[in-house]
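Asks: what follows is a protein structure lacking sequence information:
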(Lines give C-alpha, C1' and ligand atoms only; values in the text may rest on other atoms or scores of the structure.)
Protein backbone atom coordinates (compact mmCIF):
# COMPACT_ATOMS: atom_id res chain seq x y z
CA UNK A 1 0.00 0.00 0.00
CA UNK A 2 2.93 2.30 0.63
CA UNK A 3 4.12 2.26 -2.99
CA UNK A 4 0.59 2.76 -4.30
CA UNK A 5 0.15 5.74 -2.01
CA UNK A 6 3.26 7.44 -3.34
CA UNK A 7 2.27 6.88 -6.98
CA UNK A 8 -1.32 8.13 -6.76
CA UNK A 9 -0.45 11.03 -4.49
CA UNK A 10 2.13 12.10 -7.03
CA UNK A 11 -0.68 12.31 -9.58
CA UNK A 12 -2.80 14.34 -7.21
CA UNK A 13 0.01 16.77 -6.46
CA UNK A 14 1.13 17.16 -10.05
CA UNK A 15 3.77 15.63 -12.30
CA UNK A 16 6.38 18.30 -11.60
CA UNK A 17 6.11 17.71 -7.86
CA UNK A 18 6.34 13.94 -8.34
CA UNK A 19 9.61 14.20 -10.23
CA UNK A 20 11.25 16.56 -7.77
CA UNK A 21 9.99 15.48 -4.34
CA UNK A 22 12.17 13.04 -2.39
CA UNK A 23 10.66 10.40 -0.10
CA UNK A 24 11.63 10.79 3.57
CA UNK A 25 11.45 8.19 6.33
CA UNK A 26 10.63 8.73 9.98
CA UNK A 27 14.04 7.69 11.24
CA UNK A 28 15.86 10.40 9.29
CA UNK A 29 13.34 13.09 10.21
CA UNK A 30 13.54 12.16 13.89
CA UNK A 31 17.32 12.21 13.78
CA UNK A 32 17.26 15.76 12.43
CA UNK A 33 14.74 16.81 15.08
CA UNK A 34 16.90 15.39 17.87
CA UNK A 35 20.00 17.04 16.47
CA UNK A 36 18.57 20.45 15.65
CA UNK A 37 15.47 20.85 17.82
CA UNK A 38 15.52 23.78 20.23
CA UNK A 39 13.85 21.98 23.17
CA UNK A 40 16.50 19.28 23.31
CA UNK A 41 19.32 21.78 22.87
CA UNK A 42 17.97 23.85 25.77
CA UNK A 43 17.75 20.81 28.04
CA UNK A 44 21.29 19.73 27.14
CA UNK A 45 22.49 23.19 28.12
CA UNK A 46 20.67 22.96 31.44
CA UNK A 47 22.25 19.56 32.12
CA UNK A 48 25.72 20.87 31.27
CA UNK A 49 25.23 23.71 33.73
CA UNK A 50 24.16 21.29 36.47
CA UNK A 51 27.19 19.08 35.81
CA UNK A 52 29.57 22.03 35.93
CA UNK A 53 28.05 23.16 39.23
CA UNK A 54 28.47 19.68 40.71
CA UNK A 55 32.09 19.52 39.61
CA UNK A 56 32.79 22.89 41.21
CA UNK A 57 31.11 21.98 44.50
CA UNK A 58 32.81 18.60 44.63
CA UNK A 59 36.21 20.20 44.12
CA UNK A 60 35.58 22.67 46.96
CA UNK A 61 36.46 21.03 50.25
CA UNK A 62 34.36 23.56 52.15
CA UNK A 63 31.12 22.50 50.42
CA UNK A 64 28.49 21.38 52.92
CA UNK A 65 26.51 18.17 52.55
CA UNK A 66 23.18 19.85 51.75
CA UNK A 67 24.29 21.93 48.72
CA UNK A 68 26.37 18.98 47.51
CA UNK A 69 23.36 16.69 47.72
CA UNK A 70 21.22 19.25 45.90
CA UNK A 71 23.81 19.48 43.13
CA UNK A 72 23.93 15.69 42.81
CA UNK A 73 20.14 15.55 42.67
CA UNK A 74 20.09 18.29 40.04
CA UNK A 75 22.39 16.34 37.71
CA UNK A 76 20.30 13.20 38.18
CA UNK A 77 17.07 15.10 37.53
CA UNK A 78 18.32 16.99 34.47
CA UNK A 79 19.64 13.72 33.00
CA UNK A 80 16.20 12.19 33.32
CA UNK A 81 14.58 15.34 31.95
CA UNK A 82 16.81 15.06 28.90
CA UNK A 83 15.54 11.54 28.28
CA UNK A 84 11.97 12.71 28.81
CA UNK A 85 12.34 15.61 26.38
CA UNK A 86 13.51 13.10 23.79
CA UNK A 87 10.30 11.14 24.31
CA UNK A 88 8.29 14.32 23.84
CA UNK A 89 10.20 15.12 20.65
CA UNK A 90 9.53 11.59 19.40
CA UNK A 91 5.81 12.04 20.08
CA UNK A 92 5.59 15.48 18.45
CA UNK A 93 7.56 14.47 15.37
CA UNK A 94 5.54 11.27 14.99
CA UNK A 95 2.23 13.16 15.17
CA UNK A 96 3.35 15.68 12.52
CA UNK A 97 4.88 12.95 10.35
CA UNK A 98 1.72 10.87 10.39
CA UNK A 99 -0.26 14.00 9.58
CA UNK A 100 1.70 14.30 6.34
CA UNK A 101 1.32 10.58 5.64
CA UNK A 102 -2.44 10.64 6.13
CA UNK A 103 -2.72 13.75 3.96
CA UNK A 104 -0.97 11.87 1.16
CA UNK A 105 -3.43 9.01 1.41
CA UNK A 106 -6.32 11.46 1.56
CA UNK A 107 -5.17 13.01 -1.72
CA UNK A 108 -5.18 9.52 -3.16
CA UNK A 109 -8.78 8.94 -2.11
CA UNK A 110 -9.97 12.39 -3.16
CA UNK A 111 -8.42 12.01 -6.61
CA UNK A 112 -10.24 8.70 -7.05
CA UNK A 113 -13.48 10.29 -5.85
CA UNK A 114 -13.14 13.08 -8.42
CA UNK A 115 -12.62 10.48 -11.14
CA UNK A 116 -15.68 8.57 -9.95
CA UNK A 117 -17.83 11.69 -9.85
CA UNK A 118 -16.65 12.69 -13.30
CA UNK A 119 -17.70 9.29 -14.55
CA UNK A 120 -21.06 9.70 -12.81
CA UNK A 121 -21.57 13.03 -14.57
CA UNK A 122 -20.70 11.47 -17.91
CA UNK A 123 -23.23 8.70 -17.27
CA UNK A 124 -25.92 11.23 -16.35
CA UNK A 125 -25.28 13.24 -19.51
CA UNK A 126 -25.41 10.08 -21.62
CA UNK A 127 -28.72 9.09 -20.04
CA UNK A 128 -30.07 12.59 -20.60
CA UNK A 129 -29.22 12.33 -24.26
CA UNK A 130 -31.31 9.15 -24.50
CA UNK A 131 -34.06 10.61 -22.28
CA UNK A 132 -33.32 8.14 -19.44
CA UNK A 133 -32.41 10.95 -17.03
CA UNK A 134 -33.48 14.52 -16.35
CA UNK A 135 -31.53 17.75 -16.38
CA UNK A 136 -31.87 17.73 -12.59
CA UNK A 137 -29.94 14.44 -12.48
CA UNK A 138 -27.16 16.04 -14.52
CA UNK A 139 -27.13 19.11 -12.27
CA UNK A 140 -26.86 16.96 -9.15
CA UNK A 141 -23.98 15.00 -10.66
CA UNK A 142 -22.26 18.24 -11.66
CA UNK A 143 -22.65 19.67 -8.16
CA UNK A 144 -21.23 16.49 -6.63
CA UNK A 145 -18.25 16.68 -8.97
CA UNK A 146 -17.68 20.35 -8.19
CA UNK A 147 -17.75 19.59 -4.48
CA UNK A 148 -15.24 16.76 -4.76
CA UNK A 149 -12.94 18.88 -6.93
CA UNK A 150 -13.02 21.62 -4.29
CA UNK A 151 -12.22 19.06 -1.57
CA UNK A 152 -9.20 17.97 -3.59
CA UNK A 153 -8.04 21.55 -4.10
CA UNK A 154 -8.41 22.25 -0.38
CA UNK A 155 -6.39 19.14 0.48
CA UNK A 156 -3.69 20.11 -2.01
CA UNK A 157 -3.52 23.57 -0.47
CA UNK A 158 -3.26 22.28 3.09
CA UNK A 159 -0.60 19.67 2.29
CA UNK A 160 2.34 22.15 2.32
CA UNK A 161 1.12 23.47 5.67
CA UNK A 162 1.41 19.99 7.19
CA UNK A 163 4.86 19.64 5.64
CA UNK A 164 5.95 22.92 7.20
CA UNK A 165 4.67 21.81 10.60
CA UNK A 166 6.86 18.72 10.44
CA UNK A 167 9.78 20.73 9.10
CA UNK A 168 9.57 23.09 12.07
CA UNK A 169 10.67 20.28 14.41
CA UNK A 170 13.89 19.93 12.40
CA UNK A 171 14.62 23.67 12.43
CA UNK A 172 13.86 23.86 8.70
CA UNK A 173 16.24 21.06 7.68
CA UNK A 174 13.81 19.22 5.37
CA UNK A 175 13.48 19.84 1.60
CA UNK A 176 10.94 22.40 0.42
CA UNK A 177 8.85 19.60 -1.12
CA UNK A 178 8.77 15.96 -0.07
CA UNK A 179 6.59 12.96 0.63
CA UNK A 180 6.96 10.45 3.46
CA UNK A 181 6.99 6.68 3.67
CA UNK A 182 5.02 4.62 6.16
CA UNK A 183 7.13 4.13 9.32
CA UNK A 184 7.89 0.74 10.81
CA UNK A 185 8.73 0.26 14.46
CA UNK A 186 10.14 -2.57 16.52
CA UNK A 187 7.94 -1.75 19.48
CA UNK A 188 9.12 -2.36 23.03
CA UNK A 189 5.90 -2.52 25.04
CA UNK A 190 5.80 -3.43 28.72
CA UNK A 191 3.00 -4.81 30.85
CA UNK A 192 0.93 -2.35 32.86
CA UNK A 193 2.33 -3.42 36.23
CA UNK A 194 5.88 -2.99 34.90
CA UNK A 195 5.09 0.51 33.69
CA UNK A 196 3.60 1.47 37.04
CA UNK A 197 6.51 0.00 38.95
CA UNK A 198 9.11 1.84 36.89
CA UNK A 199 7.35 5.19 36.83
CA UNK A 200 9.17 6.54 39.89
CA UNK A 201 12.48 6.09 38.09
CA UNK A 202 11.31 7.17 34.65
CA UNK A 203 9.21 10.28 35.25
CA UNK A 204 10.98 13.57 36.11
CA UNK A 205 8.05 14.84 38.18
CA UNK A 206 8.17 11.79 40.45
CA UNK A 207 11.95 11.83 40.71
CA UNK A 208 11.91 15.49 41.69
CA UNK A 209 9.26 14.81 44.32
CA UNK A 210 11.27 11.87 45.69
CA UNK A 211 14.37 14.05 45.83
CA UNK A 212 12.42 16.65 47.76
CA UNK A 213 11.37 14.01 50.29
CA UNK A 214 14.97 12.81 50.62
CA UNK A 215 16.32 16.33 51.07
CA UNK A 216 13.66 17.25 53.63
CA UNK A 217 14.33 14.00 55.48
CA UNK A 218 17.98 14.99 55.70
CA UNK A 219 17.00 18.43 56.99
CA UNK A 220 14.86 16.86 59.72
CA UNK A 221 17.72 14.59 60.75
CA UNK A 222 20.11 17.52 60.91
CA UNK A 223 17.62 19.55 62.97
CA UNK A 224 16.81 16.81 65.48
CA UNK A 225 19.44 17.59 68.11
CA UNK A 226 20.04 19.55 71.28
CA UNK A 227 21.60 22.60 69.62
CA UNK A 228 18.90 23.36 67.03
CA UNK A 229 15.80 25.37 68.03
CA UNK A 230 12.57 23.34 68.24
CA UNK A 231 10.86 25.71 65.81
CA UNK A 232 13.45 24.84 63.17
CA UNK A 233 12.81 21.13 63.70
CA UNK A 234 9.05 21.61 63.56
CA UNK A 235 9.37 23.60 60.35
CA UNK A 236 11.56 20.89 58.84
CA UNK A 237 9.03 18.22 59.79
CA UNK A 238 6.20 20.24 58.25
CA UNK A 239 8.18 20.64 55.04
CA UNK A 240 8.82 16.91 54.97
CA UNK A 241 5.13 16.14 55.43
CA UNK A 242 4.25 18.49 52.58
CA UNK A 243 6.86 16.84 50.35
CA UNK A 244 5.50 13.40 51.21
CA UNK A 245 1.94 14.47 50.43
CA UNK A 246 3.06 15.98 47.14
CA UNK A 247 4.85 12.76 46.20
CA UNK A 248 1.76 10.72 47.05
CA UNK A 249 -0.45 13.00 44.94
CA UNK A 250 1.91 12.83 41.98
CA UNK A 251 2.12 9.03 42.21
CA UNK A 252 -1.66 8.80 42.11
CA UNK A 253 -1.83 11.18 39.16
CA UNK A 254 0.86 9.37 37.19
CA UNK A 255 -0.76 6.00 37.89
CA UNK A 256 -4.04 7.29 36.49
CA UNK A 257 -2.31 8.74 33.43
CA UNK A 258 -0.46 5.50 32.71
CA UNK A 259 -3.59 3.38 33.11
CA UNK A 260 -5.57 5.69 30.83
CA UNK A 261 -2.82 5.67 28.20
CA UNK A 262 -2.56 1.89 28.42
CA UNK A 263 -6.32 1.51 27.93
CA UNK A 264 -6.26 3.94 24.99
CA UNK A 265 -3.51 1.83 23.45
CA UNK A 266 -5.61 -1.32 23.71
CA UNK A 267 -8.64 0.47 22.28
CA UNK A 268 -6.61 1.74 19.34
CA UNK A 269 -5.31 -1.76 18.68
CA UNK A 270 -8.83 -3.17 18.54
CA UNK A 271 -9.92 -0.43 16.14
CA UNK A 272 -6.92 -1.16 13.95
CA UNK A 273 -7.86 -4.83 13.82
CA UNK A 274 -11.46 -3.96 12.93
CA UNK A 275 -10.33 -1.63 10.15
CA UNK A 276 -8.12 -4.37 8.73
CA UNK A 277 -11.05 -6.78 8.68
CA UNK A 278 -13.20 -4.19 6.89
CA UNK A 279 -10.45 -3.79 4.30
CA UNK A 280 -10.37 -7.55 3.70
CA UNK A 281 -14.11 -7.47 3.07
CA UNK A 282 -13.75 -4.56 0.63
CA UNK A 283 -10.92 -6.31 -1.18
CA UNK A 284 -12.96 -9.49 -1.48
CA UNK A 285 -15.86 -7.51 -2.92
CA UNK A 286 -13.50 -5.87 -5.41
CA UNK A 287 -12.17 -9.25 -6.51
CA UNK A 288 -15.73 -10.45 -7.13
CA UNK A 289 -16.67 -7.29 -9.02
CA UNK A 290 -13.57 -7.54 -11.20
CA UNK A 291 -14.75 -10.98 -12.29
CA UNK A 292 -18.27 -9.67 -12.83
CA UNK A 293 -16.97 -6.80 -14.93
CA UNK A 294 -14.85 -9.16 -17.01
CA UNK A 295 -17.93 -11.30 -17.60
CA UNK A 296 -20.02 -8.27 -18.54
CA UNK A 297 -22.27 -8.49 -15.47
CA UNK A 298 -21.54 -4.97 -14.14
CA UNK A 299 -20.52 -1.65 -15.68
CA UNK A 300 -17.16 0.09 -15.50
CA UNK A 301 -18.83 2.68 -13.31
CA UNK A 302 -19.91 0.04 -10.76
CA UNK A 303 -16.38 -1.37 -10.71
CA UNK A 304 -15.00 2.13 -10.18
CA UNK A 305 -17.31 2.57 -7.19
CA UNK A 306 -15.92 -0.61 -5.61
CA UNK A 307 -12.33 0.44 -6.34
CA UNK A 308 -12.94 3.77 -4.65
CA UNK A 309 -14.51 1.97 -1.68
CA UNK A 310 -11.32 -0.09 -1.30
CA UNK A 311 -9.22 3.08 -1.32
CA UNK A 312 -11.40 4.49 1.45
CA UNK A 313 -10.95 1.29 3.43
CA UNK A 314 -7.20 1.49 2.96
CA UNK A 315 -7.31 5.04 4.24
CA UNK A 316 -9.27 3.89 7.30
CA UNK A 317 -6.66 1.22 7.99
CA UNK A 318 -3.86 3.77 7.74
CA UNK A 319 -5.67 6.14 10.09
CA UNK A 320 -6.32 3.33 12.58
CA UNK A 321 -2.70 2.20 12.46
CA UNK A 322 -1.54 5.78 12.93
CA UNK A 323 -3.87 6.18 15.90
CA UNK A 324 -2.31 3.10 17.42
CA UNK A 325 1.21 4.48 16.95
CA UNK A 326 0.13 7.79 18.48
CA UNK A 327 -1.28 5.85 21.43
CA UNK A 328 2.06 4.09 21.86
CA UNK A 329 3.83 7.46 21.83
CA UNK A 330 1.38 8.82 24.41
CA UNK A 331 1.98 5.81 26.63
CA UNK A 332 5.72 6.39 26.27
CA UNK A 333 5.40 9.95 27.55
CA UNK A 334 2.94 8.98 30.30
CA UNK A 335 5.25 6.26 31.61
CA UNK A 336 8.63 7.71 30.68
CA UNK A 337 9.58 4.63 28.64
CA UNK A 338 10.87 4.26 25.10
CA UNK A 339 7.86 2.25 23.96
CA UNK A 340 8.48 3.05 20.30
CA UNK A 341 12.04 1.78 20.64
CA UNK A 342 13.35 4.60 18.50
CA UNK A 343 16.99 3.96 19.29
CA UNK A 344 17.79 1.89 16.23
CA UNK A 345 14.24 0.63 16.02
CA UNK A 346 12.85 2.84 13.28
CA UNK A 347 12.99 2.41 9.51
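Replies: Cool, got the structure. Since the model is a prediction, treat every value here as computed from it, not as a measurement.
Asks: surely residue 74 and residue 47 touch.
Replies: No: checked against C-beta atoms under 8 Å, the pair residue 74 and residue 47 is beyond contact range at 9.1 Å. Yep, even glycine has a C-beta here, placed from its N, CA and C like the rest.
Asks: ok, residue 25 - how many residues close by?
Replies: 16 (other C-beta atoms under 10 Å).
Asks: just the one 3 residues further on next, same as before
Replies: Neighbouring residues of residue 28 were enumerated by other C-beta under 10 Å; the total is 14.
Asks: and it, what element?
Replies: Using DSSP states H and E, residue 28 maps to helix 26-36.
Asks: show me what that helix is packed against.
Replies: Secondary-structure packing of helix 26-36 (3 or more C-beta pairs under 8 Å, 6 or more residues apart in numbering; DSSP states H and E): helix 65-129.
Asks: what does the helix holding residue 28 contact?
Replies: 40, 86, 89-90, 92-94, 97, 166, 169-171, 173-174, 180-181, 183, 342, 346-347 (C-beta atoms under 8 Å, 6 or more residues apart in numbering).
Asks: buried subset of these?
Replies: The neighbour count (16 or more other C-beta atoms under 10 Å) marks 40, 86, 89-90, 92-94, 97, 166, 169-170, 174, 180-181, 183, 342, 346 as buried among the contacts of helix 26-36.
Asks: and the closest residue to residue 293 other than its chain neighbours, how many neighbours?
Replies: Computed as C-beta to C-beta, 6 or more residues apart in numbering, the closest residue to residue 293 that is not its neighbour in sequence is residue 303, at 4.5 Å. Other residues within reach of residue 303, judged by other C-beta under 10 Å, total 16.
Asks: what's the answer for residue 199, then?
Replies: A count of nearby residues for residue 199, using other C-beta under 10 Å, gives 22.
Asks: am I right that it sits in a strand?
Replies: No: assessed with DSSP: H, G, I helix; E, B strand; the rest coil, residue 199 is helix; it does not lie in a strand.
Asks: the bottom helix or strand of this structure by mean pLDDT?
Replies: Taking mean pLDDT, DSSP states H and E as the measure, the chain has helix 2-13 as its least confident helix or strand, at a mean of 36.
Asks: and the spatially most central residue of the chain, how far from residue 168?
Replies: By C-alpha atoms, centre = their mean, the chain has its centre lying nearest to residue 95, at 3.1 Å. Residue 95 sits 12 Å away from residue 168, taking C-beta to C-beta, to the nearest Å as the criterion.
Asks: likewise residue 254?
Replies: Residue 254 is 29 Å from residue 168, by C-beta to C-beta.
Asks: who has more neighbours, those two?
Replies: residue 254 (22 against 15).
Asks: against residue 204, how distant is the more buried one?
Replies: For residue 254, the distance to residue 204 equals 11 Å [C-beta to C-beta].
Asks: what's the answer for residue 291, then?
Replies: Separation of residue 291 from residue 204 (C-beta to C-beta): 60 Å.
Asks: in terms of neighbours, single out the busier of the two.
Replies: residue 204 (17 against 11).
Asks: give me the pLDDT for the more buried one.
Replies: The per-residue pLDDT reported for residue 204 equals 97.
Asks: again, but for residue 346
Replies: Listed pLDDT for residue 346 reads 43.
Asks: ok, residue 265 next?
Replies: Residue 265 is given a pLDDT of 97.
Asks: same deal with residue 19?
Replies: Per-residue pLDDT puts residue 19 at 51.
Asks: next one: residue 149
Replies: 97.
Asks: chain center to stretch 178-195: distance?
Replies: Computed by C-alpha atoms, centre = their mean, to the nearest Å, the chain-centroid distance of stretch 178-195 equals 10 Å.
Asks: give me the buried positions along that stretch.
Replies: 178, 179, 180, 181, 182, 183, 185, 192, 195.
Asks: how close does the closest residue in space to residue 83 that isn't next to it in sequence get to residue 260?
Replies: Spatial nearest neighbour of residue 83, excluding adjacent residues (C-beta to C-beta, 6+ apart): residue 336 at 7.5 Å. Residue 336 is 15 Å from residue 260, where distance means C-beta to C-beta.
Asks: between those two, which is the more surrounded one?
Replies: Under the criterion of other C-beta under 10 Å, the comparison of residue 336 against residue 260 puts residue 336 first, with 24 against 13.
Asks: that one touches residue 84, doesn't it?
Replies: Yes: using C-beta under 8 Å, residue 336 is in contact with residue 84, at 6.0 Å.
Asks: quick one on the thing from earlier: taking helix 65-129 as reference, get the angle to the host helix or strand of the residue nearest to residue 293.
Replies: For residue 303, the host element (DSSP H and E) is helix 300-335. Put simply, helix 300-335 runs at 170 degrees to helix 65-129, going by axes from the mean of the first three to the mean of the last three C-alpha atoms, to 10 degrees.
Asks: tell me what helix 300-335 is packed against?
Replies: Using 3+ C-beta pairs under 8 Å, 6+ apart as the contact test, the elements touching helix 300-335 are helix 65-129, helix 192-202, helix 230-294.
Asks: winner for burial among those?
Replies: Burial of those is given as mean neighbour count (mean count of other C-beta atoms under 10 Å); helix 65-129 ranks first at a mean of 19.
Asks: quick check: mean pLDDT across that helix?
Replies: 96.
Asks: mind checking what helix or strand follows it in sequence?
Replies: Later in the chain than helix 65-129, the nearest helix or strand by DSSP H and E is helix 135-168.
Asks: which stretches of the stretch 101-250 of the chain have low pLDDT?
Replies: Low-confidence segments of the stretch 101-250 of the chain (pLDDT under 70): none present.
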